[in-house]
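K.L.:
Need a 3D model of the following:
(one chain, ligands or ions: 1)
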Amino acid sequence: MKKTVALIAHDRKKEEMLTFVLKNKKVLSSCHIIATATTGKIIKENAELDVTTYLSGPLGGDQQIGAQIACEKVDAVIFLRDPLTAQPHEPDITALLRICDVHNIPVATNTATANLVLCCFTSDKE
Ligand SMILES: O=C(CO)COP(=O)(O)O
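P.N.:
Numbering: from 1, shown residues only. Coordinates of the predicted model:
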């Protein structure tokens, strides 16, 4: 069964996200990818992967993805947060991370952890 992976990146992390996606295109092409609007658009246009997009983070996209997690429809979240810039929708970001913990969903907030998460996907023969 296809894994669903949520990809989200703040503006100053979008380039890093795209590099990560391109490096891991093979494994990600076997997943159902969901993303917030701008992150998803960049991935679609530059990595030519199918992406289901939600609203932009500040407009409620983090909450929409959180709802998918609450419904047990997401297997992993890769959320490259900008730790150096305050975000207007900080409560939504906190809520997204919280709901991952509530449902025990792996959430990577940097590419080092994201690589480990995707490694598990490739070794999982399910
Ligand atoms: O703000 C975000 C996550 O909190 C990301 O939203 P975008 O992908 O639309 O930039």
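K.L.:
Next, count neighbours for the residue of the chain found nearest the ligand.
P.N.:
Here the residue of the chain nearest the ligand is residue 57; by C-beta to the nearest ligand atom that distance is 2.1 Å. Where you see a C-beta, it was placed from the backbone N, CA and C, and this is true even at glycine. Applying other C-beta atoms under 10 Å, we find 26 residues neighbouring residue 57.
K.L.:
my guess is it meets residue 88, correct?
P.N.:
No: judged on C-beta atoms under 8 Å, residue 57 makes no contact with residue 88 at a distance of 9.4 Å.
K.L.:
Sticking with residue 39, tell me its helix or strand.
P.N.:
helix 37-47 (DSSP states H and E).
K.L.:
Summarise which helices and strands that helix is packed against.
P.N.:
Helices and strands touching helix 37-47, by 3 or more C-beta pairs under 8 Å, 6 or more residues apart in numbering; DSSP states H and E, are strand 4-9, helix 14-23, strand 32-35, strand 51-53.
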